[in-house]
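Chemist: Need coordinates for the following:
(chains A and B)
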Amino acid sequence: MEQIQKAYDILFLSCAVFLAVTIFLCLIRAIAGPRLTDRLVAINIISCKVVILFAVLAVYFDQHYLLDIDIAYALISFLAIVVLYKQVQASTRNKEPEFEEGEE
Amino acid sequence: MQIVFEWIRFGITAVLILGGLFILGIATIGIHRLDYVLNRIHIAAKCDTLGIMLILLGLVISGVPLFSGIKMLLIIAFMWLANPVSNHLIVSLEVETNEKLNEHCKVIEDEDI
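Modeler: Below is the predicted model:
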């Protein structure tokens, strides 16, 4: 049984390290992306990977209250995309009527 | 006999988790290799949705307590609802804000339909 426990620990730890490295690589794309939507795609992937990382660490450290934080993080990451969408859409739509009025 | 079943369960868990990590690695390579946002979001959305299902299902099978397993299944259900919606919002934002969209893909105007 100890061997199985050790194998699980190695599996979860390597999973967490791999996820951390790929989060860092996605952060490079979020910094270098030429447009706003590139950054939003990268942020969306990062939040999805952080949700997975929380779940893996909750099982690895045997602290299962971390899963509650995980659910809240998933809700907030979805809310951030929706709020940014509404904000950018409102700012681009407000420009167009002003431009037309200026022409008239 | 018990120990054999435990090793079989570990094997299933390892296959699911390593498969999920492979999928997420493909997503990371994809957003660096592909050129345009719509191509990038294509691979990002699919790989995220599949990867989160595989890894959390592997964690559920690995023998967590009952309510932790239910919470993980809840996370899978919520991400499967929320992830396509947020990616759809990003795509519609790109279509609305990019004025040179027809350089990258074929655009059908409203008058043509």
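Chemist: What does the pLDDT read for residue 18?
Modeler: No chain specified, so I'll use chain A. Here the pLDDT value assigned to residue A:18 is 93.
Chemist: hmm, I had chain B in mind actually
Modeler: Residue B:18 carries a pLDDT value of 94.
Chemist: how close does it get to residue B:58?
Modeler: Look at residue B:18 and residue B:58: by CB to CB, to the nearest Å, they are 9 Å apart. C-beta coordinates here come from the backbone N, C-alpha and C atoms, glycine included.
Chemist: same question, residue A:59
Modeler: Per CB to CB, residue A:59 is found 10 Å from residue B:58.
Chemist: out of those two, which sits in the more crowded spot?
Modeler: For residue A:59 and residue B:58, the more surrounded residue by other CB atoms under 10 Å in any protein chain shown is residue B:58, and the numbers stand at 25 against 22.
Chemist: That one and residue B:11 touch, don't they?
Modeler: No. Applying CB atoms under 8 Å, one finds residue B:58 not in contact with residue B:11, separated by 10.8 Å.
Chemist: quick one: contacts for residue B:10?
Modeler: If you count contacts by CB atoms under 8 Å, 6 or more residues apart in numbering or on different chains, residue B:10 has them with A:4, A:7, A:8, B:62.
Chemist: Look up the closest residue to the second one, ignoring the ones flanking it.
Modeler: Yep, that's residue A:7 we're talking about. Of all residues not flanking residue A:7 in the chain, residue B:10 sits nearest, at 5.9 Å (CB to CB, 6 or more residues apart in numbering or on different chains).
Chemist: Just the element for the one you found, please.
Modeler: Per DSSP states H and E: residue B:10 is located in helix B:2-33.
Chemist: Please apply the same query to residue A:82.
Modeler: Secondary structure from DSSP H and E places residue A:82 in helix A:66-103.
Chemist: Could you see whether chain B lies near that helix?
Modeler: Yes. Counting by CB under 8 Å from any CB of the partner chain, chain B has neighbours in helix A:66-103: A:67-68, A:70-71, A:74-75, A:78, A:81-82, A:85, A:88-89, A:92.
Chemist: Could I get the buried residue list for that helix?
Modeler: Using 16 or more other CB atoms under 10 Å in any protein chain shown as the test for burial, helix A:66-103 gives A:66, A:67, A:70, A:71, A:73, A:74, A:77, A:78, A:81, A:84, A:85, A:88.
Chemist: For the most centrally placed residue in chain A, pull up the helix or strand it's in.
Modeler: Nearest to the mean C-alpha position of chain A, counting by CA atoms, centre = their mean, stands residue A:47 at 1.3 Å. Applying DSSP H and E as the criterion places residue A:47 in helix A:36-60.
Chemist: That helix close to chain B?
Modeler: Yes. Helix A:36-60 is in contact with chain B by CB under 8 Å from any CB, via A:36-38, A:40-42, A:44-45, A:48-49, A:51-52, A:55-56, A:58-59.
Chemist: At the geometric centre of chain B, which residue do we find?
Modeler: Nearest residue to the geometric centre of chain B (CA atoms, centre = their mean): residue B:48, 1.7 Å.
Chemist: Tell me if I'm right that residue B:37 and residue A:37 touch.
Modeler: Yes. Using CB under 8 Å, residue B:37 is in contact with residue A:37, at 4.7 Å.
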